[in-house]
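Novice: Any chance you can model this:
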Amino acid sequence: MESMRLCDGDGVLLVRLGAVGDVVRTLPCLAPLRRAAPGIRLGWVVEAPSAALLPGRPWLDDVFIFPRGSLRPARLLREPVRGLRAFGDFITRVRAFRPSLSVDFQGSAKSSLLGWLSGAPLRLGFDRTGAREGSFLLSNIRIRPSSARLNRIQKNLELLRPVAPEAYPLEFPFRCDRPSEKVARFLETFRDRIRVAVHPGTSRRQNHKQWPAENYARLLAFFSREGWVPILTWGPGEEGLLGTIQALSGHSGVPTPPLDLEEMRQILAACHLFVGGDTGPMHLAWSQGVPVVVLFGSTDPLINGPMGDGHRVIAPAWEGNRPHPVRGDRSAIRRIEPEAVMQAALDLLSSRKGAGAGAPER
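Specialist: The predicted structure follows:
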């Protein structure tokens with residue numbers, strides 16, 4: 001693949017709409033683009049829930065919020081004119097950015113269509129082996145991933161080969177805001193304790209990643225007996241799950257107050273360890289240097305696991321020569337025994353000297 005030369009003032013539109021973990025794993029693409037072509041204009045199309053994770057300048061010049069809520073089928077049926085107007089206004093703003101190149105990290109029909117509608121004459125995306133839903137048909141520069149089981153971050157970086165061929169250490173340019181008052185008050189109570197973030201929830205659509213509540217309860221009780229502070233992080237709609245886990249564990253956990261996404265990121269950054277499944281908070285934790293113990297069921301740990309040393313991936317369904325589980329198989333996550341998770345946590349924290357002395361070093 002021949003390299004492409006970007007000139008000062010060229011607009012590059014990045015399309016990665018959705019889930020928190022997917023947006024986190026696309027952030028390392030910003031630094032190579034800025035280094036390869038410092039004078040370009042960078043824009044990002046994203047959905048509202050993950051937009052808080054995106055940095056401002058000098059990393060991004062513009063952020064375009066896709067109006068997903070206005071385009072849900074039920075709402076479109078009730079308010080078709082309002083929904084179409086919201087979409088039209090969105091496309092008008094994107095086209096006013098005048099992109100020379102769109103980059104489709106998502107590889108779906110929706111993301112490729114948005115790249116095409118942006119008016120970008122050059123549209124970079126994956127070929128049919130790395131894309132879904134025929135999205136490669138709307139790309140006119142296509143990249144073949146080097147492996148079908150490539151870690152998602154590596155796959156994203158491979159997509160940039162034509163414009164940013166040099167390799168750099170991973171960089172996650174999160175905002176540098178000070179912790180909110182709510183976060184600071186919460187953490188002050190546990191300033192001199194070992195803080196372990198435990199995130200038991202999953203999205204409703206991905207509930208096959210849910211480890212049983214009784215296992216999380218055993219984990220919390222164990223952490224508490226060790227003298228650690230098991231901080232329970234949670235999102236909207238997970239209050240019932242937290243209540244069940246707390247009741248089963250004898251209220252061993254310390255639930256956070258309700259947090260927005262940026263506040264959750266701040267809480268996770270201040271912990272010495274994270275334990276949970278293949279979720280957005282897991283990626284928020286390891287991308288900020290927090291060691292993670294991550295539990296995998298039917299999702300591929302090679303594709304979705306943390307990168308770098310100092311983490312533990314527990315994925316018994318993917319071990320040995322047995323056939324890999326089918327995505328969505330709820331039984332796969334249940335093969336993980338609480339004792340294995342406890343031991344992994346002990347190993348990681350025992351190897352981290354001075355873990356109890358204040359906040360983790362960054």
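Novice: what's in contact with the lowest-mean-pLDDT helix or strand in the chain?
Specialist: Scoring the helices and strands of the chain by mean pLDDT, DSSP states H and E places helix 73-78 at the bottom, with a mean of 90. By C-beta atoms under 8 Å, 6 or more residues apart in numbering, the residues outside helix 73-78 that reach it are 69-70, 83-84. For glycine as for every other residue, the C-beta is placed from the backbone atoms N, C-alpha and C.
Novice: try stretch 44-54
Specialist: Applying C-beta under 8 Å, 6+ apart, the external contacts of stretch 44-54 come out as 13-20, 22-24, 27, 60, 62-66, 68-69, 94, 111, 114, 174, 260-262, 265, 284.
Novice: tell me how far it is from the chain's mean position?
Specialist: Offset of stretch 44-54 from its chain centre (C-alpha atoms, centre = their mean, to the nearest Å): 11 Å.
Novice: Now it: average pLDDT?
Specialist: What stretch 44-54 shows for mean pLDDT is 96.
Novice: Any buried residues in it, and which?
Specialist: Across stretch 44-54, burial judged by 16 or more other C-beta atoms under 10 Å covers 44-47, 49-50, 52-54.
Novice: Wait, I245 touches L219, no?
Specialist: No - using C-beta atoms under 8 Å, I245 makes no contact with L219, being 9.1 Å away.
Novice: For these two, work out which one has more neighbours and name it.
Specialist: Neighbour count, other C-beta atoms under 10 Å: between I245 and L219, I245 has more, with 29 against 26.
Novice: So which residues make contact with the helix or strand hosting that one?
Specialist: Using DSSP states H and E, I245 maps to helix 239-248. Applying C-beta under 8 Å, 6+ apart, the external contacts of helix 239-248 come out as 200-201, 213-214, 216-217, 220, 232, 234, 252-253, 255.
Novice: mind redoing it with 7 Å?
Specialist: 200-201, 213-214, 216-217, 220, 232, 234, 253, 255 (C-beta atoms under 7 Å, 6 or more residues apart in numbering).
Novice: Of the residues you listed, which count as buried by neighbour count?
Specialist: By neighbour count, with 16+ other C-beta under 10 Å, these hold 200-201, 213, 216-217, 220, 232, 234, 253, 255 as buried.
Novice: Now do the domain split for this protein, please.
Specialist: Listed by automatic domain parsing, the domain ranges of the chain are 11-159, 181-350.
Novice: Now do the end-to-end distance for the last one.
Specialist: From its first residue to its last, domain 181-350 covers 31 Å (C-alpha to C-alpha, to the nearest Å).
Novice: What about the contacts of helix 73-78, which one has the most neighbours?
Specialist: Going by other C-beta under 10 Å, G83 tops these with 19 neighbours.
Novice: That one against S70, yeah?
Specialist: Yes - G83 is in contact with S70 according to C-beta atoms under 7 Å; the separation is 4.4 Å.
Novice: gap between stretch 252-269 and the chain center?
Specialist: Distance, stretch centre to chain centre, for stretch 252-269: 16 Å (C-alpha atoms, centre = their mean).
Novice: repeat for stretch 335-349
Specialist: 23 Å.
Novice: buried sites along it?
Specialist: Within stretch 335-349, the residues scored as buried using 16+ other C-beta under 10 Å are 335-336, 338, 341-342, 344-345, 348-349.
Novice: just the residues you listed now: which is nearest P325?
Specialist: P325 has its nearest neighbour among the buried residues of stretch 335-349 in R335, at 9.1 Å by C-beta to C-beta.
Novice: And that closest one, how far from R191?
Specialist: Per C-beta to C-beta, to the nearest Å, R335 is found 38 Å from R191.
Novice: and if you look at G328?
Specialist: Taking C-beta to C-beta, one finds G328 at 42 Å from R191.
Novice: okay, these two: which has more neighbours?
Specialist: G328 (13 against 10).
Novice: my guess is the more buried one contacts N207, does it?
Specialist: No - G328 is not in contact with N207 according to C-beta under 7 Å; the separation is 9.6 Å.
Novice: Output the contacting helices and strands for the strand or helix carrying S102.
Specialist: Secondary structure assignment for S102, by DSSP H and E: strand 99-104. Strand 99-104 sits against strand 11-15, helix 109-117, strand 122-126, with contacts defined as 3 or more C-beta pairs under 7 Å, 6 or more residues apart in numbering; DSSP states H and E.
Novice: Go through those and name the closest to S100.
Specialist: The nearest among the helices and strands packed on strand 99-104, by C-beta to C-beta, is strand 11-15 at 5.5 Å.
Novice: Neighbours of the residue lying closest to R204 once chain neighbours are set aside, how many?
Specialist: Spatial nearest neighbour of R204, chain neighbours left out: G237 (7.3 Å); criterion: C-beta to C-beta, 6 or more residues apart in numbering. The tally of other residues near G237 (other C-beta under 10 Å) stands at 10.
Novice: Now do the contacts for K209.
Specialist: 202, 277-279, 297, 299, 333.
Novice: Quick check: of these, which lies closest to G130?
Specialist: Using C-beta to C-beta, T299 comes nearest to G130 of the contacts of K209, at 17.3 Å.
Novice: doesn't A120 make contact with L101?
Specialist: Yes - L101 is within contact range of A120, at 5.7 Å (criterion: C-beta under 7 Å).
Novice: part of a helix, is V198?
Specialist: No - if the criterion is DSSP: H, G, I helix; E, B strand; the rest coil, then V198 is strand and not within a helix.
Novice: for it, what are its contacts?
Specialist: Contacts of V198 (C-beta under 7 Å, 6+ apart): 216, 219-220, 230-232, 253, 275-276.
Novice: on contacts alone, who are the packing partners of the longest helix belonging to the chain?
Specialist: For the chain, the helix with the greatest residue count under DSSP state H is helix 80-96. Packing partners of helix 80-96 (3+ C-beta pairs under 7 Å, 6+ apart): strand 62-66.
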